[in-house]
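K.L.:
Predicted model and sequence below, questions to follow.
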Amino acid sequence: MANISPFTAVSILAIAQEVPDFALPDHTRAIRSLASLTGAEGLLLGFIGEIWKPANVTRILNMQRHAPRFAELGVPVALVVSDRVGALANFMLSSPLPVTFPLLADPDKAVQTDFRMLETTGLLLIDHGHVLRYKWLNSGDTLWPSLNDVLNAAADSIRSRSLL
């Protein structure tokens, strides 16, 4: 398991545990489930708080620069946001860069609670079988772990499964 300082990889949701299914509306009001978001090799699921918090705006724009590389691996990106659909739609309209991955509205924080990510910002790498393979939990307003390290973890996870 990757442990990238100043990030920690400790929470109740354990590595190698199957993650819970969910259904949330995205910024276009389309309902997205875990299955519909998962690519051929998995999903990088991020959790952030309120969308207009400056650190979260930076996180989204930073992820946008890397999302195509994850998609090439067969691991699309989606972010769970603790805001209503309208706030996510407004963000998409005003974003200086087009955001090509779904922002998922979780205003009651039910999915964040199910994933043990309540009041926590972080990234979960979930394989195509919906099993948690890696996680990175942020401390404070830290951006993300190195997304190149996350890409390498995704590639390693795919390689190790192909050897089985």
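P.N.:
Noted; the coordinates are in hand. Computed from a prediction, not measured in an experiment: that's the story for all the values here.
K.L.:
low-scoring stretches of the chain, by residue?
P.N.:
Applying pLDDT under 70 to the chain flags the ranges 1-12, 161-164.
K.L.:
Go through it and flag its longest helix.
P.N.:
Longest helix in the chain by number of residues, with DSSP state H as the criterion: helix 54-72.
K.L.:
Give me the contacts around that one.
P.N.:
Outside helix 54-72, the residues that touch it by CB atoms under 8 Å, 6 or more residues apart in numbering are 39, 44, 46, 48-51, 76-77, 79, 81, 91, 95-101, 103, 121, 141-144, 147, 151, 154. C-beta here means a position set from N, CA and C on the backbone, and glycine is covered the same way.
K.L.:
And the helices in this protein?
P.N.:
Using DSSP H, the helices of the chain run over 34-37, 54-72, 85-94, 110-114, 147-162.
K.L.:
Turn those into JSON lines, columns for mean neighbour count.
P.N.:
Below are the helices of the chain laid out as JSON lines (neighbours: other CB atoms under 10 Å):
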{"stretch": "helix 34-37", "mean neighbour count": "16"}
{"stretch": "helix 54-72", "mean neighbour count": "16"}
{"stretch": "helix 85-94", "mean neighbour count": "16"}
{"stretch": "helix 110-114", "mean neighbour count": "16"}
{"stretch": "helix 147-162", "mean neighbour count": "16"}
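K.L.:
Put together CSV for those helices, with distance to residue 22 on each row.
P.N.:
Shown next, in CSV, are the helices of the chain (distance: least, CB to CB, whole Å):
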stretch, distance to residue 22
helix 34-37, 6
helix 54-72, 19
helix 85-94, 15
helix 110-114, 5
helix 147-162, 21
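K.L.:
looking at those helices, which is closest to residue 134?
P.N.:
Closest to residue 134 of the helices of the chain, according to CB to CB: helix 147-162, at 4.8 Å.
K.L.:
quick one: that closest one to chain centroid distance?
P.N.:
The chain centre lies 15 Å from the centre of helix 147-162; the measure is CA atoms, centre = their mean, to the nearest Å.
K.L.:
what is the orientation angle of it with helix 54-72?
P.N.:
Angle of helix 147-162 versus helix 54-72, following axes from the mean of the first three to the mean of the last three CA atoms, to 10 degrees, is 40 degrees.
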